[in-house]
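1. no sequence for this one, just the structure:
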């Protein structure tokens, strides 16, 4: 992974995208829950953000799989930051709503949440989110979802 | 709150409901994430379960409010256990899907998630979930949701 | 039922609520699909709207029950107009998103969709919707849902 | 379009897929609402089904766009039949739940709903659905959604 604040592929990103990626990294750094979980930004591109979470035995449901709320948390942040990556400086993002379908138990050594903006909007952005569980190189899609992110503009 | 394993109101519950409540408490006790968050079962009745979570500064999003994934996590467990409270001994519950609308920032000293079974089913149970944020005695509804819980029967 | 444009209970409604009800009736009258289905406004109160639809054999799915899209259509209009009933003159409503859970086959002689605003907002209003199927006096809850309605202000 | 009952690309489909496509066409033919709307199956492949609907002025909301319930209806049928296309003979499909996000007004001369199975299951299949509005050759994505289809087995 790149150092915090460094875009994934600076050579192909515009300066604006690079600054947006910095804002994503800065905001992610203020989400105390991501540090508490040990999650990190694995990719920040315009309209797409990936978050990686190593398995944690203390974040599980009753059968030892990652709790649905945890896979949801990284999916929500991935989607929200995918939206934020397309916003202007000074703007913030809030989640209006999301819907998650759980396709398989979140059973893996690490989890990769991907958020992608399907429809950017002046006010509302709709994002698709996914979480894959990895065991070695084998990936299992365990969550697909849709969310609405709200652009918050400074008053 | 009652001791773990003790139903909320044993005198008005049938023996079957009391045993179901015990199963809810036992399963909740195996959800490591609930202990990690400091969440506890506040009420277990047939078809309705409440979970309480004191505010934690390490479970927040970028503005210092509880992260949407955390309010979702307690709502999901409340809904799932509301379903489980109506199941037979030996059965387990999994979340198939949920949808959450965030009505207000999760800004409070403590949070109460309520899950209620709207439609119990042989296979699928549909539950309504809510989370209120409390500041002193003032409650703010910050999440409403719908979820589908799956009954898992032993093979 | 009342004549179009007449509020359900004018004596207990304020003038503003009565005018809002008139706007709901007027907008409903422009929804060609509601006339095509034979649906009608059964109740318009501030923050709550009911729509009734008699069974139609030509609006069914493969087993002769009302198609999920049709029960959704009246639920969506009920929720949207519940939101509109709280808006100002000149404003319009659009559906941003909804989520529907189908609890039982839509098997009845008539269907009553109810929309209720859970959280009115300056921009986004969240509504709960339900559809009951009636056979004689017996009502079966066949749909519960959540939707986000957007306030559209004239430019 | 192919004649009813004829699979879209028989030469590349197995006999089983061809028979599944026939079952989709037969079930679609029993959905009276699809005939009432003038909708038709535009593609039936294993795990993916498209439904086309020409614009109808009598199926609109208050601004003359296709009503959200109508685009939802064709999306729901497309997703359900995508699931059915992977089922065995004698099995049927029901919708458990869906969630739709509306990205743009359903403003077009015709609409194409696409349903695709993301996760087939013994009991529950999760499908992604989309609706594009066409004006001439220009397509606008106006709906994205997720749904859960239930496999109904004969008793």
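-> Okay, I see it. Predicted, not measured: the structure shown is a model, and the values here were computed from it.
2. what are the ranges of the helices in chain A?
-> Assigned by DSSP state H, the helices in chain A fall at A:15-30, A:32-37, A:68-84.
3. Just the closest residue of chain A to chain C, please.
-> Of all residues in chain A, residue A:99 sits closest to chain C, with a separation of 5.7 Å (Cβ to the nearest Cβ). Just so you know, the C-beta spots here come from the backbone N, C-alpha and C atoms, and that holds for glycine as well.
4. How many residues are close by that residue?
-> 28 (other Cβ atoms under 10 Å in any protein chain shown).
5. Give me the distance between it and chain D.
-> According to Cβ to the nearest Cβ, to the nearest Å, residue A:99 stands 4 Å off from chain D.
6. And the pLDDT at the residue nearest to the spatial centre of chain A?
-> Of all residues in chain A, the one closest to the mean position by Cα atoms, centre = their mean is residue A:78, 1.2 Å from it. Listed pLDDT for residue A:78 reads 98.
7. re earlier: which strand residues bridge the residue of chain A closest to chain C?
-> Beta-bridge pairing of residue A:99 under DSSP bridges involves residue A:146, residue B:99.
8. before we move on, what about residue A:127?
-> residue A:117, residue A:147.
9. go on, residue A:138?
-> Under the criterion used here (DSSP bridges), residue A:138 is bridged to residue A:135.
10. Next, count neighbours for it.
-> Using other Cβ under 10 Å, residue A:138 is surrounded by 9 other residues.
11. With residue A:26 instead?
-> For residue A:26, the count of nearby residues is 12 (other Cβ under 10 Å).
12. Repeat that for residue A:106.
-> Close neighbours of residue A:106, defined as other Cβ under 10 Å, add up to 25.
13. Need the phi and psi values for it.
-> phi -80, psi 80 (degrees, to the nearest 10).
14. likewise the one 3 residues further on?
-> Dihedral angles of residue A:109 (phi, psi; degrees, to the nearest 10) stand at phi -90, psi -30.
15. what's near enough to touch it?
-> A:54-55, A:134-136 (Cβ atoms under 8 Å, 6 or more residues apart in numbering or on different chains).
16. Show me what the lowest-mean-pLDDT helix or strand in chain A is packed up against.
-> Ranked by mean pLDDT, DSSP states H and E, the weakest helix or strand in chain A is helix A:15-30, scoring a mean of 95. Applying 3 or more Cβ pairs under 8 Å, 6 or more residues apart in numbering or on different chains; DSSP states H and E, one finds that helix A:15-30 contacts strand A:40-45, helix A:68-84.
17. centre of the chain versus the longest one, how much separation?
-> When you say that, I think you mean helix A:68-84. Computed by Cα atoms, centre = their mean, to the nearest Å, the chain-centroid distance of helix A:68-84 equals 4 Å.
18. Now do it against helix A:15-30: the angle between them, please.
-> Per axes from the mean of the first three to the mean of the last three Cα atoms, to 10 degrees, the angle that helix A:68-84 makes with helix A:15-30 is 150 degrees.
19. if you look at helix A:68-84, does any of it touch chain D?
-> No - contact of helix A:68-84 with chain D (Cβ under 8 Å from any Cβ of the partner chain) is absent, the minimum separation being 12.0 Å.
20. Briefly note if that helix comes near chain B.
-> Yes - for helix A:68-84 and chain B, the contact criterion (Cβ under 8 Å from any Cβ) is met by A:68-70, A:72-77.
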